[in-house]
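Trainee: Below are the sequence and a predicted model for it; my questions follow.
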Amino acid sequence: MRLVLLLGHATGGVAAHVDDLARGLPSSGDGPGRPGEGTEVVVATSATTAARWRERRRPDDPSGGPDVRVLWPAPRRPVRALRRLLALRRLLRGADVVHAHGHQAGLLAVLLVGGRRGRRRPGRPGVVVTWHNAVLGAPSGWRRRTTTVAERLQARGADLLTGASDDLTARARELGADGAVTTPVAVPDLPAPVGASAPPPGLEDLAPGTAVVLTVSRLARQKDLPTLVRAAGRLVRGDGAPSPAGPWAWLVVGDGDPQVERELREQVRAVGAPVRLLGARHDVPALLARADVFALTSTWEARALAVQEAMAAGLPVVATRTGGLPDLLEGVGVLVPVGDDAALAAAVGDLLADPARRAAAGRAARTAFEALPGPAEVLAGWRDRHVRLAAGGPWSPAGAGR
């Protein structure tokens, strides 16, 4: 079976998820008569995502990693964009299954492959589209209508449309994807963290006993990090939130939009809160081991990998009530309204001020994480879906699980 994984510009959890599929699917069914035997995986993506993939190359992988091809069209270079589109169409139409990740990739796959769900002509690959994010920033007017048309084309053109959270799946069904299902995104196997007694590089100046609030997030508007800084300011002032008993720091890990970073640094200086923007790091497990509380302020998330990693580390989590986060945290973490810095400060302050409550919340988070599907289960689920579509039969979610 030839499988093409298609995605555009991706740097965070989506890229990590596709990386795991690209590495795991060729070997996940090895053995005589197993469905994964003979699976060839090709990743078609953008130059920026391919570069990130090279950075994430695993030294223990003798193959050098998956076959990654830069075929994402670059609109600013029309001649190159056309060449890439033609090459991408040849690649997709020569596959048995095309699995597109994200709205842009999904639309591109449906348009380039052609045909409609339930009307597969001989030789046409099965098309899977996974929505990892909601379409944000187009609440009304012609932009909203345009995005709705794009979503509907995917819902009616893909043989299978899946969502990373239940709200995305509900949206797909609303637009005509009757067989849409929610599919989990598992946390990759993480390296063992450095012992909590050894401070991660760059944090040696933190005094012993300093409480640490950790946020792992791209620097993007969707992540609403200004709310985080305002909440930190409230903790400094004791404004409606319990003040931590001792020294504390709020660490933000991740890079992204340079303008967002400049604005955040200016806001941190103005507020005078102990918020540190650490940029991209490769030692997140060590930072999780050092942290006391994990917080996320996004205006929307699916089943955020960063939150799952924090749960795996046994950290209490405070996050916004949006998207798929309640699916992970309802009854386990603390959910606060989007944009409510007062609620965020109160929730974080309560946990920092009460070690017993913090420990109990961390244990509950770890227990909830252990009940989530793991990487092997996620790979097995995708292997089964891909094999069914490659065989040309109709997709039915009955019995396929989540």
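Mentor: Sure thing, it's come through.
Trainee: Can you show me the helices along the protein?
Mentor: Remark: helices assigned in the chain by DSSP state H are 13-24, 47-55, 78-93, 103-113, 141-157, 166-174, 225-237, 258-271, 284-290, 305-312, 325-329, 341-353, 355-370, 375-390.
Trainee: Give me the below-cutoff pLDDT ranges for the stretch 301-402 of the chain.
Mentor: 393-402 (pLDDT under 70).
Trainee: Kindly recompute the last result at 90.
Mentor: 303, 391-402 (pLDDT under 90).
Trainee: now the end-to-end length of stretch 1-20.
Mentor: This stretch, stretch 1-20, spans 18 Å end to end (CA to CA, to the nearest Å).
Trainee: Make 7 the first number, not 1, from now on.
Mentor: Sure thing, new numbering starts at 7, so read that last one as stretch 7-26.
Trainee: buried sites along it?
Mentor: Neighbour-count burial for stretch 7-26 flags 7-26 (criterion: 16 or more other CB atoms under 10 Å). Backbone N, C-alpha and C define where each C-beta goes, glycine included.
Trainee: ok, now stretch 243-262?
Mentor: So stretch 243-262, judged by 16+ other CB under 10 Å, has buried residues 245, 247-248, 250, 254-262.
Trainee: Might you calculate how far it sits from the centre of the chain?
Mentor: Taking the mean of its C-alpha atoms, stretch 243-262 sits 25 Å from the chain's own mean (CA atoms, centre = their mean, to the nearest Å).
Trainee: can you check stretch 207-215 too?
Mentor: 29 Å.
Trainee: which residues touch that stretch?
Mentor: Pro205, Val218, Gly252, Pro253, Ala255, Leu257, Leu284, Asp289, Arg296 (CB atoms under 8 Å, 6 or more residues apart in numbering).
Trainee: Now do the contacts for the first one.
Mentor: Yep, that's Pro205 we're talking about. Leu212, Arg296.
Trainee: before we move on, back to that, could you single out the nearest of the buried residues of stretch 243-262 to Ala140?
Mentor: Ala140 has its nearest neighbour among the buried residues of stretch 243-262 in Gly262, at 18.2 Å by CB to CB.
Trainee: doesn't Ala226 make contact with the closest one?
Mentor: Yes. Taking contacts as CB atoms under 8 Å, Gly262 lies within contact range of Ala226: 5.0 Å.
Trainee: Next one, pLDDT for the nearest residue to Gly100 once chain neighbours are set aside please.
Mentor: Of all residues not flanking Gly100 in the chain, Arg8 sits nearest, at 7.0 Å (CB to CB, 6 or more residues apart in numbering). With respect to pLDDT, Arg8 scores 94.
Trainee: Please report how far Arg8 lies from Gly112.
Mentor: As judged by CB to CB, to the nearest Å, Arg8 and Gly112 stand 19 Å apart.
Trainee: Kindly report the same for Leu358.
Mentor: From Leu358 to Gly112 the distance is 42 Å (CB to CB).
Trainee: Between these two, tell me which one has more neighbours.
Mentor: Counted by other CB atoms under 10 Å, Leu358 and Gly112 do not tie: Gly112 has more neighbours, with 28 against 24.
Trainee: Arrange the helices of the chain in JSON lines, one row each, with distance to Gly132 as further columns.
Mentor: As requested, those are exported to JSON lines (distance: least, CB to CB, whole Å):
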{"stretch": "helix 19-30", "distance to Gly132": "15"}
{"stretch": "helix 53-61", "distance to Gly132": "23"}
{"stretch": "helix 84-99", "distance to Gly132": "11"}
{"stretch": "helix 109-119", "distance to Gly132": "9"}
{"stretch": "helix 147-163", "distance to Gly132": "12"}
{"stretch": "helix 172-180", "distance to Gly132": "17"}
{"stretch": "helix 231-243", "distance to Gly132": "40"}
{"stretch": "helix 264-277", "distance to Gly132": "39"}
{"stretch": "helix 290-296", "distance to Gly132": "35"}
{"stretch": "helix 311-318", "distance to Gly132": "26"}
{"stretch": "helix 331-335", "distance to Gly132": "27"}
{"stretch": "helix 347-359", "distance to Gly132": "43"}
{"stretch": "helix 361-376", "distance to Gly132": "32"}
{"stretch": "helix 381-396", "distance to Gly132": "3"}
